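**Student:** Sharing a model that was predicted from the sequence below.
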Amino acid sequence: MRDQTLCVRRPLVSHEGFASLAVPTYRASTIVFSDAKSYTERKNRGPDGYSYGLHGTPTSRTLEAALSALEGGARTVLMPSGQAAIALVMTTVLMPGDSVLIPDTVYPPAKGFCENFLKPRGIGYRIYDPMIGSGIAELIDFTVKLVWTESPGSTTMEVQDIPAIVAAAHDKNALVGCDNTWATPLFFKPLAHSVDFAVEALTKYAGGHSDLLMGSVSVRDIALHRRLKDTMRMTGIGVSPDDCSLVLRGLETMGVRLAHVSAVASNFALRIAEQVPAELVLHPALPNTPGHDVWKRDFAGSSGVFSLVVPPHAADAIPALLSSAKVFSIGASWGGTHSLIAPMSIVKDRALGGLLHQGTILRISIGLEDPRDLWADLEPIVAAIANEEKTLRKAAASS
Ligand SMILES: *Cc1c(COP(=O)(O)O)cnc(C)c1O
């Protein structure tokens, strides 16, 4: 062969004796076939075969298999973000005339997807109280094909009674999806509670380093896997093997990272609850958080995200205290090694009345820094809230 050809055609080298602990990053658009017949018949390889890089390489398949094992599922598909994974389930299951039930505490962009994408296409949605439990049966009419759950709820941390919701939904032939991003499969396994679609934003704890976006959907039922893969093929969606290799690396340390942030976050939540009225601290391991008993019953632990409600009269002091934090960064998309605080306003995101928390809520994500440095940042915030509460109570007592 001539030089130009040798530039393109690499010689094969031996893999004999090469046993690495790392998963190789297999990049591909083209998959080549040994003969014309197998190329013509490539469709027969099915969703588990290799036919085109978009549909998977050994790197993405390794990540899918690792997640299926953790979730206790038959198959997993990978999407370019957590939001895309949510959208994939909804667009696969729902047809015009159908509808989906979503909890009021759902990840807000999921509600936006229902309102601004599904609704104009003739797919309805209704919002339910996350604490509804088996009462959801009353909302499931013949149009409802999917009940969406997210436990605990975004920012306000309500823990849902997933087994009760699944029983009611399956009784009426509706499928159930669960956004399990907060717990990860290490602390809650939706498929073990008969949920049909376990969704994770791998962007958070699995990736674990704030440098990638990915989502996953795991299923027990091979037929549902085929339907998800069909939607992905029709819409041309796949993930990069380089990102998969980063998630595979993140997954190896997820257990020790979670054990650490879990211990620090629950310790901080308890310490804060000793200094401010306990109902201001929203953490599933605290008894006053809605669904705490369900959390104790169903979950194997709590991760590193919890919330602190800022009462309206303490709100003025918070922006300056956040800006002067030395270790916490201000930002969303939690689950990495860096601790984050995000001042959230949930009022515009919630449709149902009876909102307990009208003001700012600080969503705190614990990372891997020394807890003493983190506490030094939190202490003045907690003290500001505690002082305002004391002043209020004194004023109330003397009037
Ligand atoms: C972050 C998040 C998502 C979306 O994940 P992206 O990868 O950022 O799209 C979905 N659900 C929950 C609960 C999340 O926290």
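**Tutor:** The structure has been received and is ready for your questions.
**Student:** Could you tell me the end-to-end distance of stretch 133-143?
**Tutor:** Distance between the boundary residues of stretch 133-143 (CA to CA, to the nearest Å) amounts to 20 Å.
**Student:** tell me the average confidence for that stretch?
**Tutor:** Across stretch 133-143, pLDDT averages out at 98.
**Student:** tell me which residues in that stretch are buried?
**Tutor:** 133, 136, 139-140 (16 or more other CB atoms under 10 Å). No exception for glycine: its C-beta is placed from N, CA and C like everyone else's.
**Student:** which sections of this protein are below the confidence cut-off?
**Tutor:** The chain contains residues with pLDDT under 70 at 353-357.
**Student:** Tell me the residues of it that contact the ligand?
**Tutor:** Within the chain, the positions near the ligand by CB under 6 Å from any ligand atom are 81-83, 107, 150, 154, 179, 181, 201, 203-204, 213, 215, 333.
**Student:** Dump those to a markdown table, plus distance to A22.
**Tutor:** Putting the residues of the chain next to the ligand into a markdown table (distance: CB to CB, whole Å) gives the following:
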| residue | distance to A22 |
| --- | --- |
| S81 | 25 |
| G82 | 26 |
| Q83 | 29 |
| Y107 | 33 |
| E150 | 34 |
| S154 | 35 |
| D179 | 30 |
| T181 | 26 |
| A201 | 25 |
| T203 | 22 |
| K204 | 23 |
| L213 | 22 |
| G215 | 24 |
| S333 | 26 |
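**Student:** buried subset of the residues you listed?
**Tutor:** 81-83, 107, 150, 154, 179, 181, 201, 203-204, 213, 215.
**Student:** Inside helices: which ones of the residues you listed?
**Tutor:** Among those, DSSP state H puts 82-83 in helices.
**Student:** ok, the buried ones among the residues of the chain next to the ligand vs the ligand, which is closest?
**Tutor:** G82 (2.3 Å; CB to the nearest ligand atom).
**Student:** Could you verify my assumption that that closest one touches V199?
**Tutor:** Yes. Contact status for G82 versus V199: in contact at 7.2 Å, counting by CB atoms under 8 Å.
**Student:** Name the residues contacting each of those two.
**Tutor:** 179, 181, 215 (CB atoms under 8 Å, 6 or more residues apart in numbering).
**Student:** Of those residues, just say which sits nearest to L88.
**Tutor:** Each of the shared contacts of G82 and V199 was scored against L88 by CB to CB, and G215 proved nearest at 8.0 Å.
**Student:** OK, contacts around that closest one?
**Tutor:** Counted by CB under 8 Å, 6+ apart, G215 has contacts 78-86, 199-203.
**Student:** Give the buried residues for stretch 79-96.
**Tutor:** 79-94.
**Student:** Closest one to the ligand out of the residues you listed, please.
**Tutor:** Within those, the smallest distance to the ligand is 2.3 Å, found for G82 (CB to the nearest ligand atom).
**Student:** Leaving out chain neighbours, which residue sits closest to the closest one?
**Tutor:** Nearest residue to G82, sequence neighbours excluded (CB to CB, 6 or more residues apart in numbering): A201, at 2.6 Å.
**Student:** contacting residues around that neighbour?
**Tutor:** Counted by CB under 8 Å, 6+ apart, A201 has contacts 81-83, 85, 179, 181, 214-215, 335.
**Student:** ok, now with 7 Å
**Tutor:** Residues near A201 by CB atoms under 7 Å, 6 or more residues apart in numbering: 82, 181, 215.
**Student:** my guess is L94 meets K145, correct?
**Tutor:** Yes. If you go by CB atoms under 7 Å, L94 and K145 touch, sitting 5.8 Å apart.
**Student:** Got the domain ranges for the protein?
**Tutor:** 20-248, 254-398 (automatic domain parsing).
**Student:** Past the longest helix seen in the chain, which element shows up next along the chain?
**Tutor:** For the chain, the helix with the greatest residue count under DSSP H is helix 241-275. Next in sequence after helix 241-275, counting helices and strands by DSSP states H and E, comes strand 281-282.
**Student:** and that next one, which strands flank it?
**Tutor:** strand 305-310 (antiparallel) (DSSP bridges).
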